[in-house]
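>>> using only what follows, build the 3D model:
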Amino acid sequence: MKRTAMSISMLVVVACGGKKPAPEPPKEPEPATAPVAEAPPAAAPAPAPQPAPEPPAPPAPKTWHAHAQLNPVKGAKIKGALVTFAQQEGQPVAVGSTGWFDGIKPGKYHLIVHDGAACGPNASKVGKPMAGADIAFTAAKDMEGLEIAQVNGLQLDGTTAIVGHTLVLREDRRGKAGKMLACGPIAATD
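Numbering: from 1, shown residues only. Modelled structure (predicted):
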């Protein structure tokens, strides 16, 4: 039986094509493909940059107003008038009048701010003239009001403000303030 087993073995070898087939060479692995990243969704175009905001407008300059109702002193033959003051921040004071000193003669006059707070029957009540507070003007025939655009030296606000003091109308005597004709306290207005 030994022989028979061997013969069968050979037969099997011959029937199968003789030798055992050589094993197949190992397959090379397929090259790995890099994973494809998904493209992010299309981004909306970047918004146009906003224009720089406008700088805030500077605050409007402050404006102050005051007036003095000048009434004639005893013996003066004129009618009173309302003298007005206006000042815009950083600018000189403007002086005007509502009405006019009826009966005033043509010539030179002074409106002077005094440091007193009230008028009285005599000039001593009005106090001393304040420095730089002499407003010289010339009255003309048929004049209807006073209008002086710029008066330097006067202030309507701050520590040197004329508000709370007295305004005196004086006649001119050889370039200097003379006799008192009218007087009134200076008060702030809106």
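>>> this protein: helices as residue ranges?
Along the chain, the segments classed as helices by DSSP state H run 2-15.
>>> where in it is pLDDT low?
Judged by pLDDT under 70, the chain has its weakly predicted residues at 1-23, 25-26, 28-43, 121-124.
>>> T166 touches P185, doesn't it?
Yes. Using CB atoms under 8 Å as the test, T166 is close enough to P185 to be in contact (5.6 Å). The C-beta positions use only the backbone N, C-alpha and C, and glycine is treated the same way.
>>> quick one: contacts for the residue nearest to V95 when sequence neighbours are not counted?
With sequence-adjacent residues excluded and distances taken as CB to CB, 6 or more residues apart in numbering, V95 is closest to I148, at 4.4 Å. The neighbourhood of I148, defined by CB atoms under 8 Å, 6 or more residues apart in numbering, consists of A94, V95, G96, I135, F137.
>>> all strands for the protein, in order.
Listed from the start of the chain, the chain has strands (DSSP state E) covering 63-72, 81-88, 93-98, 107-114, 129-139, 147-151, 166-173, 176-189.
>>> ranking those strands by burial, who's on top?
Mean neighbour count (mean count of other CB atoms under 10 Å) peaks for strand 166-173 among those, with a mean of 21.
>>> now the angle from that strand to strand 93-98?
Orientation of strand 166-173 against strand 93-98 (axes from the mean of the first three to the mean of the last three CA atoms, to 10 degrees) gives an angle of 80 degrees.
>>> taking strand 129-139 as reference, get the angle to strand 166-173.
Relative orientation of strand 166-173 versus strand 129-139 (the same axes, to 10 degrees): 60 degrees.
>>> what helices or strands is strand 166-173 leaning on?
Counting contacts by 3 or more CB pairs under 8 Å, 6 or more residues apart in numbering; DSSP states H and E, strand 166-173 is packed against strand 63-72, strand 107-114, strand 176-189.
>>> need the ones you listed in a markdown table (columns: distance to G80).
Shown next, in a markdown table, are the helices and strands packed on strand 166-173 (distance: least, CB to CB, whole Å):
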| stretch | distance to G80 |
| --- | --- |
| strand 63-72 | 4 |
| strand 107-114 | 13 |
| strand 176-189 | 6 |
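>>> would you mind telling me which of those strands is nearest P49?
Smallest distance to P49 across those (CB to CB): 39.9 Å, for strand 63-72.
>>> neighbouring strands - and their directions - for the closest one?
Within its sheet, and counting by DSSP bridges, strand 63-72 is paired with strand 81-88 (antiparallel), strand 176-189 (antiparallel).
>>> mind putting the ones you listed into JSON lines with distance to P56?
Output for the strands paired with strand 63-72, formatted as JSON lines (distance: least, CB to CB, whole Å):
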{"stretch": "strand 81-88", "distance to P56": "20"}
{"stretch": "strand 176-189", "distance to P56": "29"}
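>>> among those strands, which is nearest I104?
Of these, nearest to I104 by CB to CB is strand 176-189, at 7.7 Å.
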